[in-house]
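K.L.:
the following comprises the amino acid sequence and a computationally predicted model.
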Amino acid sequence: MNRFPTWKYALIALVIAAAFLYTLPNFFGESPAVQVSSAKSTVKVDTPLVGKVEEALKTGNVAYRGILLDQFGVRVRFNDTDTQLRAKDVIDRALNPDQNDKVYSVALNLLSASPDWLTAIHALPMYLGLDLRGGVHFLLQVDTQAAITKRVENIASDLRTQLREKNIRHGGIAREGQTIRIRFREQAVRAQARAYILNNVPDLVVNERDDGENLLLVATVKPDFQKKVMETALQQNIMTLHKRVNELGVAEPVIQQQGADRIVVQLPGVQDTSRAKEILGRTATLEVRLVDEDAMRSGSNFGVDVFPERRRDGSIGQTPVKKQVYVTGEQFIGASATFDQDQRPAVAVELDDAAGRVMRQVTRENVKHLMAIILFEKGKGEAISVATIQSEFGSRFQITGAFTPNETRDLSLLIRAGALAAPMEIIEERTVGPSLGRDNITRGFHATMWGFTAIVVFMSIYYVVFGLISSLALAVNLLLLIALLSLLQATLTLPGIAAIALTLGMAIDANVLINERIREELRGGATPQAAIAAGYERAWGTILDSNVTTLIAGLALLIFGQGPVRGFAVVHCLGILTSMFSAVTVSRAIVNLIYGHRRRVARLAIGNTAWK
């Protein structure tokens, strides 16, 4: 009656063993480390860099415990802080011969001290949030309306040029906020202009109006286009911030959208607020110039600017370009990966009207010549693209070449990352010291442990053996919850610790229901074996209903919450799932092991209402 098949016991044991393995890394602490990341948008961190770092450490006679390559860069672990500091200097000198133009950012960091065999099976510790580790928190307000206004202004400028080229006479084009007003004197001309705009500018809604003196066309951007511009501006700013934060060497930065027009930036472990502000506010500019092909053929660079060009094979070439700048980064308003008419990968670029007119004239005069896009960061320039002008183009054109789809995506990101798509300002700034973070961890740990101890004492006194079984199941629940958080690489915050403590208190409710149900069956005259079976079976429906309703509330917090609320909700929802498994399945397995194999059970040790 109260027996599980062998496979079920084995499965429960396997789950608990796996949970133990994935919980282990959280108990090893952290060790000093050095993190190497890209200091330039065009430099990638890849496998060959690992070899360079290892060679630098070997040459400098610096011992290290391990090295790994992940999404954050190359990270090297050391035994002590003194070795870490010496290694940072050795690696920095080896990778950055020119200290005034650093290619890689070398920063101090902390890594989990868990053994390599745990890391090999992706058993990693939980990330600690800002309130537990210390660091800097920024809330930035993005002026998305400015991005829309800029796009409307560009459309208005384009219309002036296009209507003039089509010989459609008008009395003037004016932008009022996010509305474009075009004046006409003749009804037929207005109708012609309206038809042209509807066919060529699909993002506008065009209406005819009269003000008594003039015939008007009033054009407004469609709501879905406004939404697209706002989303693109926000995502481009987030992408740019990601690239800038990499220079700080932060292992687990949080850069995410909050609401419709705000960005949260959290930098755990960073205490220098001024340095963080400097990085976040850093500007990068783009320039479009013509390649000096005469200098390229002759090999003479006299009187020209020469910029390094990072090629697909990893080599560095030198590209001579003319001094005249035709387009700057502020005039790029969009870039995306696409395909040309021959279905070859290309990058579609959009400029504002002024740059479009300049580009139209320059390309008309330089078909089949080379054009270069130069990216400037920290006063140093680099040719990120050198392509042949295929035909005359204006504000919208394609950059073609021997690209792969991945390369065109990278190039479009580089172009967009040259500048922020919309202005933004810091509206909230907060610094959390490392000592406060450690204090939060200590207090949270003590609160959880004291709560757990109090529950164990109460359950053991009130339910005796069944109380001890419930406490053991509760310990398994805590183990499973920590393992899940580690496996998912969730970020643990102070509200998350509160959710763990709350989960323990709520999880024991299920065992209380089961134990009380068993008592009721015993009072009704059931045998101990029958009481156990009926207690678990009849309490299950109540346990399921209560946990489902609580899970619904937790999911609502997870979906609609932000920041600390969301961190609480993640732990809360996972805790509900683990508690249903541990309180019912694990505790039943233990009870079955104790009582299930007995032919005759005289009494159950379940408190002062135990029956013979």
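P.N.:
The structure has been received and is ready for your questions. Numbers count the residues shown, from 1 in each chain.
K.L.:
quick one, helices of the stretch 401-550 of the chain?
P.N.:
With DSSP state H, counting those that start in this stretch as the criterion, the stretch 401-550 of the chain has helices at 405-416, 434-487, 494-523, 528-560.
K.L.:
the second one versus helix 528-560: what angle between them?
P.N.:
Put plainly, it is helix 434-487. 120 degrees (axes from the mean of the first three to the mean of the last three C-alpha atoms, to 10 degrees).
K.L.:
tell me the helices and strands packed up against helix 434-487.
P.N.:
Contacts defined by 3 or more C-beta pairs under 8 Å, 6 or more residues apart in numbering; DSSP states H and E place helix 434-487 against helix 6-23, helix 130-133, helix 494-523, helix 564-580, helix 587-591. All C-beta spots, glycine's among them, are computed from the backbone N, C-alpha and C.
K.L.:
return the distance of stretch 17-32 from the chain's centre.
P.N.:
24 Å (C-alpha atoms, centre = their mean, to the nearest Å).
K.L.:
name the residues that touch that stretch?
P.N.:
65, 77-81, 83-84, 108, 110-115, 118-119, 121, 123-126, 476, 479-480, 482-484, 486-487 (C-beta atoms under 8 Å, 6 or more residues apart in numbering).
K.L.:
got the helices and strands packed on helix 434-487 as JSON lines, with mean neighbour count columns?
P.N.:
Output for the helices and strands packed on helix 434-487, formatted as JSON lines (neighbours: other C-beta atoms under 10 Å):
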{"stretch": "helix 6-23", "mean neighbour count": "15"}
{"stretch": "helix 130-133", "mean neighbour count": "25"}
{"stretch": "helix 494-523", "mean neighbour count": "21"}
{"stretch": "helix 564-580", "mean neighbour count": "21"}
{"stretch": "helix 587-591", "mean neighbour count": "22"}
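K.L.:
and L436, which of these is closest to it?
P.N.:
helix 130-133 (8.0 Å; C-beta to C-beta).
K.L.:
how about that closest one as PDB, C-alpha atoms only?
P.N.:
Taking Å, rounded to 0.1, in the frame of the first residue of the first chain, the C-alpha atoms of helix 130-133 are listed here in PDB:
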ATOM      1  CA  LEU A 130      23.700  45.000  -6.400                       C
ATOM      2  CA  ASP A 131      22.300  45.000  -2.900                       C
ATOM      3  CA  LEU A 132      24.300  41.900  -1.900                       C
ATOM      4  CA  ARG A 133      27.600  42.600  -3.700                       C
END
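K.L.:
ok and whatever helix or strand comes next after that helix relative to helix 434-487, angle-wise?
P.N.:
For helix 130-133, the following helix or strand on the C-terminal side (DSSP states H and E) is strand 135-142. Interaxial angle of strand 135-142 relative to helix 434-487 (the same axes, to 10 degrees): 80 degrees.
K.L.:
enumerate the positions of strand 135-142 that are buried.
P.N.:
By 16 or more other C-beta atoms under 10 Å, the buried positions in strand 135-142 come out as 135-140, 142.
K.L.:
tell me which strands and helices that strand is in contact with?
P.N.:
helix 223-245, strand 262-268, helix 273-280, strand 424-432.
K.L.:
out of these, nearest to V601?
P.N.:
Across the helices and strands packed on strand 135-142, V601 has its closest neighbour in strand 262-268 (54.2 Å, C-beta to C-beta).
K.L.:
extract the C-alpha trace of that closest one and format it as CSV.
P.N.:
The C-alpha coordinates for strand 262-268 follow below in CSV (Å, rounded to 0.1, in the frame of the first residue of the first chain):
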residue,chain,number,x,y,z
ARG,A,262,13.9,54.2,-19.2
ILE,A,263,17.0,52.1,-18.9
VAL,A,264,18.3,50.6,-15.7
VAL,A,265,22.1,50.1,-15.4
GLN,A,266,23.4,48.2,-12.5
LEU,A,267,27.2,47.6,-12.2
PRO,A,268,27.9,45.1,-9.3
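K.L.:
distance between it and the chain's centre?
P.N.:
Centroid separation for strand 262-268 versus its chain: 11 Å, with C-alpha atoms, centre = their mean.
K.L.:
can you show me the strands along the stretch 51-200 of the chain?
P.N.:
66-70, 73-77, 104-112, 127-128, 135-142, 172-176, 179-184 (DSSP state E, counting those that start in this stretch).
K.L.:
so which bits of the last one are buried?
P.N.:
Going by neighbour count (16+ other C-beta under 10 Å), the buried part of strand 179-184 is 180-184.
K.L.:
can you pull the contacts of L604?
P.N.:
With C-beta under 8 Å, 6+ apart, L604 has these contacts: 465-466, 518, 522, 528, 531-532, 595, 610-611.
K.L.:
how near is P423 to G51?
P.N.:
42 Å (C-beta to C-beta, to the nearest Å).
K.L.:
with neighbour numbers in mind, choose between the two.
P.N.:
P423 (14 against 11; other C-beta atoms under 10 Å).
K.L.:
one step back: could I get the helices of the stretch 401-550 of the chain as CSV with distance to T240?
P.N.:
Below are those laid out as CSV (distance: least, C-beta to C-beta, whole Å):
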stretch, distance to T240
helix 405-416, 8
helix 434-487, 28
helix 494-523, 29
helix 528-560, 28
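K.L.:
check those helices for me and report the most buried one.
P.N.:
helix 494-523 (a mean of 21; mean count of other C-beta atoms under 10 Å).
K.L.:
I'd like the helices of the stretch 401-550 of the chain as TSV, with distance to S298 and mean pLDDT appended.
P.N.:
Below are the helices of the stretch 401-550 of the chain laid out as TSV (distance: least, C-beta to C-beta, whole Å; pLDDT from 0 to 100):
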stretch	distance to S298	mean pLDDT
helix 405-416	29	66
helix 434-487	59	90
helix 494-523	65	89
helix 528-560	64	90
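K.L.:
for Q99, find the nearest of the ones you listed.
P.N.:
Nearest of the helices of the stretch 401-550 of the chain (C-beta to C-beta): helix 405-416, 24.5 Å.
K.L.:
state the number of residues packed around the residue nearest to I197 when sequence neighbours are not counted.
P.N.:
Closest residue to I197 apart from its sequence neighbours, by C-beta to C-beta, 6 or more residues apart in numbering: V206 at 5.3 Å. If you count neighbours by other C-beta under 10 Å, V206 ends up with 17.
K.L.:
ok, now S38?
P.N.:
So S38, with other C-beta under 10 Å, has 18 neighbours.
K.L.:
what's near enough to touch it?
P.N.:
Taking C-beta under 8 Å, 6+ apart as the criterion, S38 is in contact with 44-45, 73, 103-105, 246.
K.L.:
just Q141 next, same as before
P.N.:
Q141 makes contact with 261-262, 424-425, 427 under the criterion C-beta under 8 Å, 6+ apart.
K.L.:
pLDDT score assigned to it?
P.N.:
Listed pLDDT for Q141 reads 89.
K.L.:
partner residues bridging it?
P.N.:
R262, E425 (DSSP bridges).
K.L.:
roughly how far does it sit from L130?
P.N.:
19 Å.
K.L.:
again with I482
P.N.:
20 Å.
K.L.:
and if you look at I590?
P.N.:
In this view, I590 and L130 are 40 Å apart by C-beta to C-beta.
K.L.:
can you redo the contacts of S38 as JSON lines with distance to I197 and neighbour count?
P.N.:
Output for those, formatted as JSON lines (distance: C-beta to C-beta, whole Å; neighbours: other C-beta atoms under 10 Å):
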{"residue": "K44", "distance to I197": "43", "neighbour count": "12"}
{"residue": "V45", "distance to I197": "47", "neighbour count": "19"}
{"residue": "G73", "distance to I197": "49", "neighbour count": "23"}
{"residue": "V103", "distance to I197": "48", "neighbour count": "14"}
{"residue": "Y104", "distance to I197": "50", "neighbour count": "23"}
{"residue": "S105", "distance to I197": "48", "neighbour count": "22"}
{"residue": "N246", "distance to I197": "43", "neighbour count": "22"}
